[in-house]
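**Student:** quick one: sequence and predicted model below, then my questions.
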Amino acid sequence: MHSCLAVTTDGLPLGLLDQKIFARESVARDQTKHRNVLPIEEKESYRWLEALKNSKPVRGNPQLVTVCDREADIYELFQLSAALAAPVLVRATYDRPLPKRSM
């Protein structure tokens, strides 16, 4: 089950914004090599994009920030986040080099 729970900055739970129940199909070992060529819509990680899309139309005008684990460290999620103006905070899988700015 993949759930998207809304909480306040004080940790008060507000309710579920999205939830998806799924079951993995068994996959032969040699098939796992080919997952890099699958479209994002066919990957398990697509549920992060679906949750972000489904949580955007919340009543009122609250500031939403989606917090994700390292499974959501995918380019397509950052693309969608920018397109929807819906910020995400992701625990990264890999260290990311940051450009140095002169101040």
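**Tutor:** Great, that's in hand.

**Student:** only C-alpha atoms for contact and neighbour calcs from this point on.
**Tutor:** OK.

**Student:** what kind of secondary structure is residue 63 in?
**Tutor:** Assigned by DSSP: H, G, I helix; E, B strand; the rest coil, the conformation of residue 63 is coil.

**Student:** quick one, strands of the protein?
**Tutor:** 2-7, 13-20, 66-68, 88-90 (DSSP state E).

**Student:** what's the closest of the ones you listed to residue 99?
**Tutor:** Nearest of the strands of the chain to residue 99, taken as CA to CA: strand 88-90 at 18.7 Å.

**Student:** could you pull up the mean pLDDT of the closest one?
**Tutor:** Strand 88-90 shows a mean pLDDT of 89.

**Student:** pLDDT below threshold where in this structure?
**Tutor:** Low-confidence segments of the chain (pLDDT under 70): 27-35, 56-60, 102-103.

**Student:** out of the strands of the chain, flag the one nearest residue 78.
**Tutor:** Closest of these to residue 78 is strand 88-90, at 7.5 Å (criterion: CA to CA).

**Student:** note down every partner strand of the closest one and its orientation.
**Tutor:** Applying DSSP bridges to the sheet, strand 88-90 is found paired with strand 66-68 (parallel).

**Student:** neighbours of residue 52, how many?
**Tutor:** The tally of other residues near residue 52 (other CA atoms under 10 Å) stands at 23.

**Student:** can you tell me how far residue 38 sits from residue 3?
**Tutor:** Using CA to CA, to the nearest Å, residue 38 is found at 24 Å from residue 3.

**Student:** higher neighbour count, those two?
**Tutor:** Neighbours of residue 38 and residue 3, each counted by other CA under 10 Å, are more numerous for residue 3; the result is 14 against 9.

**Student:** residues contacting the closest residue to that one other than its chain neighbours?
**Tutor:** Nearest non-adjacent residue to residue 3, counting by CA to CA, 6 or more residues apart in numbering: residue 19, 4.3 Å away. Applying CA atoms under 8 Å, 6 or more residues apart in numbering, we find residue 19 in contact with 1-4, 51.
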